[in-house]
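> structure for this input, please:
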Amino acid sequence: MRATMFHVKHQARPGKQGSGAGLARASAYPGWTGGRLMQASAMAMLGLMLAGCSAPGDVADASGAEPIAADPAQAPVPPVPPAPAPEKTDFTDNASKGEAKREFAYSWPAEVSAIPALTERFTTERDRLLAEQKADWDGALREFQGSDCIACINRGFEKTWEVVADLPRFLSLSASFYAYTGGAHGNSAYDALVWDREAQAALDPKSMFRSPSALQDALGASWCKALKTERIARLGENYSEDSIFTCPPLADLTVLVGSSDKQSFDRIGLIAAPYVAGSYAEGAYEATLPVNAAVLAAIKPEYRAVFARAK
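Model prediction:
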């Protein structure tokens, strides 16, 4: 402030003309001497400089004007955090009473969690299966109360869904599950489902073919050939064509639709659960066959565009 004031106090010497602005002020205030005018100018400039150093609110208060309130619409909007990424779901519900046990597990991948309607479908199935198991276990506890047959009481169930192929429109899934309801051992089985994102609906992969006979005609021979090759590999010299387990029709199998390029279905998976194509000890039999012209001819017209011959 001292430097500024020093500059303001440099007045024109008597007898010299002032600036044009000074002449204008002199004419506006007749009767004032040049010294009085210069003194008034200095005081006015000092007031302006002091106003410039004041806070906006102080200036507003001094002038009598209302302060301008900040516009809420102009306030910065905090960024919206991204939605959490879908995660795999692993659900368990176990219980025990003494040596008796009940175990239940049901899971699905993150791709399913990203689809609310499909998540709801699996949740409903899970809750139903759990309620059935609890009721069965409670009945066994009452029936075998005081018995040393723990195997008669124990219950177990596990179902796991996995992604077979994830295409822009369709999500192909397979499931393996194991159920123990007492006895020497439990049993394994398989499930399959195709979720249509456009229709928001679940499909059995078999329903994508014109008919069971069309599917059998397209893949039956190839399936029986693959099954025989696998049986020989597992059983060796114990293999016999006279086995009580003949080559089962595709209608008795779990059918999966798979993809190698994530754009179209170009392979078909076939699974025969234990007791379907062989004994429990042999386990499940599986085969993966390429989509060919015969398979394409067996597809329903509304799904044909999403299938392609294997390269």
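> all contacts plus neighbour counts: C-alpha atoms, from now on.
OK.
> okay, domains of the protein per the record?
For the chain, automatic domain parsing gives the domain ranges 84-203, 205-311.
> with distance to residue 74, mean pLDDT and mean neighbour count added, can I get those in a markdown table?
Converted to a markdown table, those look like this (distance: least, C-alpha to C-alpha, whole Å; pLDDT from 0 to 100; neighbours: other C-alpha atoms under 10 Å):
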| stretch | distance to residue 74 | mean pLDDT | mean neighbour count |
| --- | --- | --- | --- |
| domain 84-203 | 29 | 96 | 16 |
| domain 205-311 | 46 | 95 | 16 |
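> redo those as JSON lines? Include distance to residue 77.
Below are the domains of the chain laid out as JSON lines (distance: least, C-alpha to C-alpha, whole Å):
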{"stretch": "domain 84-203", "distance to residue 77": "21"}
{"stretch": "domain 205-311", "distance to residue 77": "40"}
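> show me the strands in this structure, by range?
Using DSSP state E, the strands found in the chain span residues 89-92, 95-97, 100-108, 155-166, 170-180, 187-196, 201-203, 254-258, 267-272, 285-290.
> who does the longest one touch, helix- and strand-wise?
So the one you mean is strand 155-166. For strand 155-166, the elements it packs on are strand 100-108, strand 170-180, strand 254-258, judged by 3 or more C-alpha pairs under 8 Å, 6 or more residues apart in numbering; DSSP states H and E.
> and the helices in the protein?
With DSSP state H, the ranges of helices along the chain come out as 2-8, 20-28, 34-52, 56-63, 110-113, 116-143, 212-235, 293-298.
> for the fifth one, output the C-alpha coordinates as PDB.
Once non-C-alpha atoms are left out, helix 110-113 reads as follows in PDB (Å, rounded to 0.1, in the frame of the first residue of the first chain):
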ATOM      1  CA  ALA A 110     -20.200 -64.600 -12.400                       C
ATOM      2  CA  GLU A 111     -21.800 -64.700 -15.900                       C
ATOM      3  CA  VAL A 112     -25.000 -65.900 -14.300                       C
ATOM      4  CA  SER A 113     -24.900 -63.300 -11.500                       C
END
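> what does that helix contact?
Identification of contacts with helix 110-113 by C-alpha atoms under 8 Å, 6 or more residues apart in numbering yields 86-89, 118-119, 163.
> please repeat the previous calculation with a cut-off of 6 Å.
By C-alpha atoms under 6 Å, 6 or more residues apart in numbering, the surrounding residues in contact with helix 110-113 are 86-88, 119.
> check the last one too.
Outside of helix 293-298, the residues within contact range by C-alpha under 6 Å, 6+ apart are 209-210, 214, 218.
> what about that helix, distance to the chain center?
34 Å (C-alpha atoms, centre = their mean, to the nearest Å).
> one more: the longest one?
What separates the centre of helix 116-143 from the centre of its chain is 25 Å, taken as C-alpha atoms, centre = their mean.
> just to revisit the earlier point, for the strands of the chain, give me a markdown table that also has distance to residue 130.
Converted to a markdown table, these look like this (distance: least, C-alpha to C-alpha, whole Å):
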| stretch | distance to residue 130 |
| --- | --- |
| strand 89-92 | 10 |
| strand 95-97 | 12 |
| strand 100-108 | 7 |
| strand 155-166 | 9 |
| strand 170-180 | 12 |
| strand 187-196 | 17 |
| strand 201-203 | 22 |
| strand 254-258 | 23 |
| strand 267-272 | 26 |
| strand 285-290 | 28 |
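> returning to that earlier point: what is the nearest of the contacts of helix 110-113 to residue 301?
Nearest to residue 301 among the contacts of helix 110-113: residue 119, at 28.7 Å, using C-alpha to C-alpha.
> which residues does the closest one contact?
Residue 119 neighbours (C-alpha under 6 Å, 6+ apart): residue 113.
> now it: how far from residue 305?
Applying C-alpha to C-alpha, to the nearest Å, the value for residue 119 to residue 305 is 27 Å.
> what bridges to residue 190?
Residues in a beta bridge with residue 190, per DSSP bridges, are residue 176.
> ugh, typo on my part, it should be residue 267
residue 258, residue 290.
> got a list of what it touches?
258, 289-291.
> at 7 Å what do you get?
Contacts for residue 267 (C-alpha atoms under 7 Å, 6 or more residues apart in numbering) come out as 257-259, 288-291, 310.
> redo those residues as TSV? Include distance to residue 142.
Shown next, in TSV, are the contacts of residue 267 (distance: C-alpha to C-alpha, whole Å):
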residue	distance to residue 142
257	45
258	46
259	49
288	46
289	49
290	52
291	53
310	56
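> from these, which is closest to residue 233?
Nearest to residue 233 among the contacts of residue 267, with distances taken as C-alpha to C-alpha, is residue 288, at 16.5 Å.
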